[in-house]
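Visitor: What follows is a predicted protein model with its sequence.
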Amino acid sequence: MKPGANSQPGFFVVFEGPDGGGKTTQSGRLFAHLEKLNYEAKWTREPGGTALADLIREVVLHDTTHEISPRVEALLLSAARSQHVEKVIRPALEAGCVVVCDRFKYSTVAYQGGGSGLNVGDLNGLNKFSTDGLDADLVILLDIDPSEGLCRKLGLGGAGGSETNKMELRGVEYQERAREQFRQMASESPDRWLVIDGTGCADEIGDEISRRVTKELEARSIVPTSASTGRLI
């Protein structure tokens, strides 16, 4: 990947992929790794990252009292993202931080585009507007078969499970369409996307991600600062 995907001096890493692939686990693990090495690092997530964006997250993912169309979902998520970028992500990048984000604009293309059938070109335009053109320097796609991912997330087969959201409850076919859209985006930008089998050993996945991110940081001449520690947003 060519250094300098964005004009900011920092580095922006995004974790994407179908539900149940381990994004939250691995993004948190990478943040902890960067913190341990004394990089100036921040972890955040989407939808969310600010108080207003967290309110929108609750509406889009958990509110069951209102029927929300895919188009409205895309607009609400973009509004949350716009504030997230303006208030959190871009200032951190401008300060030279490594920003680790659990989901970003690529999820809107995958879920509202691939999953719900909205025009991908329109969504790309909406994403460009809401982020003021911000792209990730590296997108880590934790790829997993939706059937297995949903089993993990919903706690089927004794897998434990965690809180579910409305998109996860739309079923395997919806998730499969979203997965294909993720994979298509990755194939179109192989220099910016790292595709990893999400069913692999968590430690091995974490080590592979750490190696790739370290390589990219070295290419950008981003070095640890011994006096700083990471901060969780």
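Guide: Nice, I can see it. Numbering: from 1, shown residues only.
Visitor: got the contact list for stretch 194-206?
Guide: 17-18, 20-22, 25-26, 29-30, 33, 138-145, 148-149, 183, 186, 208-209, 212 (CB atoms under 8 Å, 6 or more residues apart in numbering). The C-beta positions use only the backbone N, C-alpha and C, and glycine is treated the same way.
Visitor: the bottom helix or strand of the chain by mean pLDDT?
Guide: Every helix and strand of the chain was ranked by mean pLDDT, DSSP states H and E. The lowest is strand 231-232, at a mean of 51.
Visitor: mind listing which of the contacts of stretch 194-206 are in strands?
Guide: Leu138, Val139, Ile140, Leu141, Leu142, Asp143 (DSSP state E).
Visitor: For these, name the two members farthest from one another.
Guide: Leu138 and Asp143 (15.4 Å; CB to CB).
Visitor: So the residue nearest in space to the middle of the chain versus Glu67, what's the distance?
Guide: Closest residue to the average C-alpha location of the chain: Arg103 at 1.8 Å, with CA atoms, centre = their mean. Arg103 sits 23 Å away from Glu67, going by CB to CB, to the nearest Å.
Visitor: For the closest residue to Leu34 other than its chain neighbours, grab the count of nearby residues.
Guide: Nearest residue to Leu34, sequence neighbours excluded (CB to CB, 6 or more residues apart in numbering): Ala41, at 4.0 Å. Ala41 has 27 neighbours, counted by other CB atoms under 10 Å.
Visitor: So what does Ala41 have for phi and psi?
Guide: Torsion angles at Ala41 (phi, psi; degrees, to the nearest 10) stand at phi -130, psi 150.
Visitor: do the one 10 residues further on as well
Guide: In terms of degrees, to the nearest 10, the main-chain angles of Ala51 are phi -60, psi -40.
Visitor: That one and Cys101, how far apart?
Guide: Applying CB to CB to Ala51 and Cys101 gives a distance of 17 Å.
Visitor: what's the pLDDT at the closest residue to Pro146 other than its chain neighbours?
Guide: Residue nearest to Pro146 in three dimensions, not counting chain neighbours: Gln175, with 3.5 Å by CB to CB, 6+ apart. Per-residue confidence (pLDDT) for Gln175: 92.
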